[in-house]
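Compute the structure for the input listed below.
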Amino acid sequence: MREASLKTPGLTWLDEDGEPSLPGGIVSSGRETRKMNTYQAIRDAMSHALQRDESAVVFGEDVAFGGVFRCTMGLAEEFGRERVFNTPLTEQGIAGFGIGMAAMGQTAIAEIQFADYIFPAFDQLVNEAAKIRYRSGGQFNVGKLTIRSPTMSVGHGGLYHSQSPEGFFIGAAGLKVVIPRSPIQAKGLLLASIDDPNPVIFFEPKILYRSAVEQVPTSPYTLPLSQAEVLIPGEDLTILTWGTPVYTAQSAIDILRNPPPSLEAHVPQSLRSAKVELIDLRTIVPWDVETVVKSVNKTRRLLVLHEAGSIGGVGSEVASVVTERCFLKLEAPVKRVTGWDTPVPLIYEKFYIPDAVRVLDAIVETLTY
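Now for the predicted structure:
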């Protein structure tokens with residue numbers, strides 16, 4: 001596992017100044033790894049950022065004592081409370097403060113305690129952060145702003161703690177939106193987001209904070225933004241997803257190959273050998289069109305999976321672009337498996353979030369179209 005983590009596709013090591021240590025960053029000998037869950041990997045990334053950049057600050061509601069998910073545990077003690085500090089309970093204030101700091105050259109790493117509460121900051125992010133470079137003719141920018149926020153469901157969060165708002169930002173030119181699936185991905189993508197010359201919203205699937213565990217390199221490194229990753233190669237169907245549903249898709253593919261007795265009657269024998277390609281989109285805005293189109297031209301079928309509702313979701317944009325670019329190759333309509341177009345219900349959250357059986361049903365439907 002250690003060797004595999006050191007050879008993560010796209011990994012680029014950083015030196016003490018945050019620059020790539022060697023062209024391509026390919027030397028891994030002598031590097032150490034440590035077992036981490038996702039929140040520990042995120043904390044490790046912020047520690048690297050604070051250590052190498054004296055202008056970097058971390059702030060948000062309750063971050064000084066570690067945050068509700070412990071992602072900032074010990075950072076205030078390590079780097080001082082003038083660099084890791086609490087804010088009032090005001091999301092628009094947190095975003096506006098971060099925009100001002102970034103515009104003046106500081107590296108601002110802000111936390112919105114739950115993605116569900118990012119909406120009061122929507123005007124600051126969409127009308128200010130996303131547009132300040134354009135409106136100032138390049139005189140100012142907030143490329144040093146990163147907004148972190150826990151997202152997606154936990155199974156009992158309900159309407160105010162289980163939403164997936166990434167789709168609301170897909171039309172906000174000037175912002176980037178990133179969602180990792182694992183500790184290795186979280187550390188590398190967060191450091192890349194902090195280094196990126198554009199403001200980035202970094203959504204962290206909260207159920208993965210503790211449940212996803214990997215051997216993570218202890219040295220600082222980045223992973224590429226706006227570059228999807230093919231996790232499982234295939235030839236008959238492409239599944240595109242991100243964050244927590246990556247694991248749902250993997251479970252559905254496993255069930256397709258070897259269905260339990262309760263589902264055998266619903267999975268034709270002829271489909272059990274189908275080769276399904278699984279892609280983790282990782283960066284939602286701007287998304288990696290070329291990788292997805294290349295895959296769909298090969299497999300001729302696409303299933304998009306996300307927890308947010310269907311109407312206005314990221315899957316709608318993906319389906320539109322893929323239909324435009326792959327129309328003559330498609331052998332089935334683009335299939336979307338999503339949350340329902342309702343508020344996330346509390347006691348019925350299990351039925352709202354797409355599970356492996358819903359994905360399996362969509363796979364069978366698409367392959368038999």
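
Which residue ranges of the stretch 51-200 of the chain form helices?
Per DSSP state H, counting those that start in this stretch, the stretch 51-200 of the chain carries helices over the ranges 75-79, 91-103, 122-123, 132-135, 183-195.

Dump the ones you listed into a markdown table; add mean neighbour count, distance to Pro205 and mean pLDDT as well.
In this view, the C-beta of every residue, glycine as well, is placed from N, C-alpha and C. Putting the helices of the stretch 51-200 of the chain into a markdown table (neighbours: other CB atoms under 10 Å; distance: least, CB to CB, whole Å; pLDDT from 0 to 100) gives the following:
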| stretch | mean neighbour count | distance to Pro205 | mean pLDDT |
| --- | --- | --- | --- |
| helix 75-79 | 17 | 21 | 98 |
| helix 91-103 | 21 | 20 | 98 |
| helix 122-123 | 14 | 21 | 98 |
| helix 132-135 | 16 | 29 | 97 |
| helix 183-195 | 26 | 9 | 98 |
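
closest one to Pro165 among those?
With distances scored as CB to CB, the stretch of the helices of the stretch 51-200 of the chain nearest to Pro165 is helix 122-123 (9.1 Å).

And the helix or strand hosting Ala45, what does it pack against?
Assessed by DSSP states H and E, Ala45 sits inside helix 38-52. If you count contacts as 3 or more CB pairs under 8 Å, 6 or more residues apart in numbering; DSSP states H and E, helix 38-52 packs onto strand 56-60, helix 75-79, strand 107-111, helix 183-195, strand 200-205, helix 208-211, strand 213-217.

Let me know which of those is the nearest to Pro259.
Nearest to Pro259 among the helices and strands packed on helix 38-52 is helix 208-211 (24.6 Å), distances taken as CB to CB.

what comes up buried for that closest one?
For helix 208-211, burial by neighbour count (16 or more other CB atoms under 10 Å) applies to Leu208, Tyr209.

ok so, going back, can you check which of the helices of the stretch 51-200 of the chain gets nearest to Tyr247?
Smallest distance to Tyr247 across the helices of the stretch 51-200 of the chain (CB to CB): 12.6 Å, for helix 183-195.

what helices or strands is that closest one leaning on?
For helix 183-195, the packing partners by 3+ CB pairs under 8 Å, 6+ apart come out as strand 33-37, helix 38-52, strand 145-151, strand 176-178, strand 200-205, strand 213-217, strand 221-222.

just to revisit the earlier point, quick check: which of the helices and strands packed on helix 38-52 is nearest to Asp361?
strand 200-205 (23.3 Å).

where do the strands sit along the stretch 251-369 of the chain?
Along the stretch 251-369 of the chain, counting by DSSP state E, counting those that start in this stretch, strands occupy 276-280, 283-285, 302-309, 335-339.
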